[in-house]
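> Okay, here's the prediction I keep looking at, along with the sequence it came from:
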Amino acid sequence: MSSHEFEPACRRMEWLDPFYKAVWEKAFAEAIPISGTFELTSRCNFNCRMCYVHLPESEIGRHGRELTAKEWIRIATEAKDAGTTWLCITGGEPLMHPEFETIWRELNQMGFFITLQTNASLVPRFEKLFQECPPRACKITLYGSSDQVYADVCQIEKGFARANAGIQMLRQMKIPIELVSTVIRQNLDDVENIIRYVGKNKLQWIPNINVRTAGRGVEVDMKNLRIRPPKIDKPAGQETTGQKKRIMDPDRKPCTYCKDFRLGYWIVWNGYMRFCSFMNGPDIPVRDKPFQECWQELVKFQESLQWPEECRICEQKESCARCAALFDIENGNLKMKDEFCKKRKG
């Protein structure tokens, strides 16, 4: 059996049109990089407590150099030739890249299906640009329903007012919007108000409670941010039988659980192609090498990555819900984080 003979995540993407689903299936079979993310910058005008990307401008030089518009356009051209169709533009706050408008216009003219991921606060500055070159969709981070909550979470003044202005402008332009909220201790009490805002504006909303680090040189105080997952009582008749439900196949490779396996990639702001935004590797220098060569190297990395030995011999290996992004990359291998095991084993 080949390393990818299992049900790929794209087969369960019910939201896809049948035609596009068939396209994704073919791309999976042939390892075509159909989906990509360009993380344009680590700059941001917000300073969110849980952000694993944002660096102060004075720190950026210590971790690399931002790709220029010319470099992003070269990479995009080669990515398109390799099969990339869906593209997410993110950051940091992508609108803060010094050459954002140039990059956006060029990508738009290439014909990608582009999703813009933004905090929306700078969107009004680019109204003309988005009228001329609209995104296919926008994914917007919403961290509260008032300026006070934004001050607590994003450590910025008038954050909600500015984000709401951008959201309303995009709504008037009829651009599809999906709101995403990371719920931490500082905005937990505001969740009901966020839900009211979502309902009032008739928008899609995805809440999550995951706070992670990514080995990017950004310190995230997870201990003082995370909230406990809500306890959900099982319906009558669905009590456990005492046997643990098998949720992980210990023989299945780590990357195969992800929807981007053999299909997608992430290019971080300082020019490295990676499998996942949360992983601190591999460092495949797409700024210095042809895109297709980097993609082939990434697929090889995905296919060869194995769980650490500690996982393979652990008595909880079939019941532990683990993701490759929860580990570090060291010398091309997954390295166990002590706090991960302590949490899982209680």
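Perfect, I can see it now. Numbering: from 1, shown residues only.
> all contacts plus neighbour counts: C-alpha atoms, from now on.
Fine.
> so where's the stretch 101-250 of the chain shaky on pLDDT?
Judged against pLDDT under 70, the low-scoring parts of the stretch 101-250 of the chain cover residues 214-219, 222-224, 229-246.
> residue boundaries of the helices in it?
Along the stretch 101-250 of the chain, the segments classed as helices by DSSP state H, counting those that start in this stretch run 127-132, 147-154, 159-172, 191-201.
> And the first one, what's buried?
Along helix 127-132, the positions that meet the burial threshold by neighbour count (16 or more other Cα atoms under 10 Å) are E127, F130.
> do the same with the last one
Of the residues in helix 191-201, those with enough neighbours to count as buried (16+ other Cα under 10 Å) are V191, I194, I195, V198.
> returning to what we had before: what's the closest of the helices of the stretch 101-250 of the chain to A120?
Checking these against A120 by Cα to Cα gives helix 159-172 as the closest, at 4.8 Å.
> pLDDT of whichever strand or helix holds R74, averaged?
Under the criterion of DSSP states H and E, R74 resides in helix 69-82. What helix 69-82 shows for mean pLDDT is 98.
> Mind listing residues that contact that helix?
Residues from elsewhere that reach helix 69-82 (Cα atoms under 8 Å, 6 or more residues apart in numbering): 32-33, 99-100, 102-103, 106-107, 110, 286-287, 290-292.
> Try it again at 10 Å.
Helix 69-82 is contacted from outside by 32-36, 38, 40, 66-68, 84-87, 97-104, 106-107, 110-112, 267, 269, 271, 286-292, 295, using Cα atoms under 10 Å, 6 or more residues apart in numbering.
> Can I get it in PDB, CA atoms only?
Only the C-alpha atoms of helix 69-82 are listed here, as PDB (Å, rounded to 0.1, in the frame of the first residue of the first chain):
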ATOM      1  CA  ALA A  69       6.800  42.600  -4.300                       C
ATOM      2  CA  LYS A  70       9.100  41.400  -7.100                       C
ATOM      3  CA  GLU A  71       9.900  38.200  -5.100                       C
ATOM      4  CA  TRP A  72       6.300  37.400  -4.300                       C
ATOM      5  CA  ILE A  73       5.200  37.900  -7.900                       C
ATOM      6  CA  ARG A  74       8.000  35.600  -9.100                       C
ATOM      7  CA  ILE A  75       6.900  32.900  -6.600                       C
ATOM      8  CA  ALA A  76       3.200  33.400  -7.600                       C
ATOM      9  CA  THR A  77       4.000  33.000 -11.300                       C
ATOM     10  CA  GLU A  78       5.800  29.800 -10.700                       C
ATOM     11  CA  ALA A  79       3.100  28.600  -8.300                       C
ATOM     12  CA  LYS A  80       0.400  29.200 -10.900                       C
ATOM     13  CA  ASP A  81       2.500  27.200 -13.400                       C
ATOM     14  CA  ALA A  82       2.700  24.400 -10.900                       C
END
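> Surely V286 and E293 touch.
Yes: proximity of V286 to E293 meets the contact threshold set by Cα atoms under 10 Å, at 8.6 Å.
> the more surrounded of those two?
V286 (22 against 11; other Cα atoms under 10 Å).
> N119 and R162 touch, don't they?
Yes: using Cα under 10 Å, N119 is in contact with R162, at 9.1 Å.
> out of these two, which sits in the busier spot?
Set N119 next to R162 and count neighbours by other Cα under 10 Å: N119 wins out with 31 against 17.
> tell me the angle of the helix or strand where K300 lies relative to helix 69-82?
Assigned by DSSP H and E, K300 belongs to helix 291-304. Interaxial angle, helix 291-304 versus helix 69-82 (axes from the mean of the first three to the mean of the last three Cα atoms, to 10 degrees): 70 degrees.
> buried stuff in helix 291-304?
So, applying 16+ other Cα under 10 Å, buried residues of helix 291-304: F291, Q292, C294, W295, L298, V299, F301, Q302, E303.
> what's the nearest residue to C48 if we skip its chain neighbours?
C154 (3.8 Å; Cα to Cα, 6 or more residues apart in numbering).
> looking at this, Y265 is in a helix?
No: according to DSSP: H, G, I helix; E, B strand; the rest coil, Y265 belongs to no helix; its state is strand.
> Near it, how many other residues are there?
24.
> need the contact list for it.
Neighbours of Y265 in contact, by Cα under 10 Å, 6+ apart: 33-38, 84, 87, 273-277, 295, 298-299.
> Mind doing that once more with 7 Å?
Counting by Cα atoms under 7 Å, 6 or more residues apart in numbering, Y265 touches S35, G36, T37, M273, R274, F275, C276.
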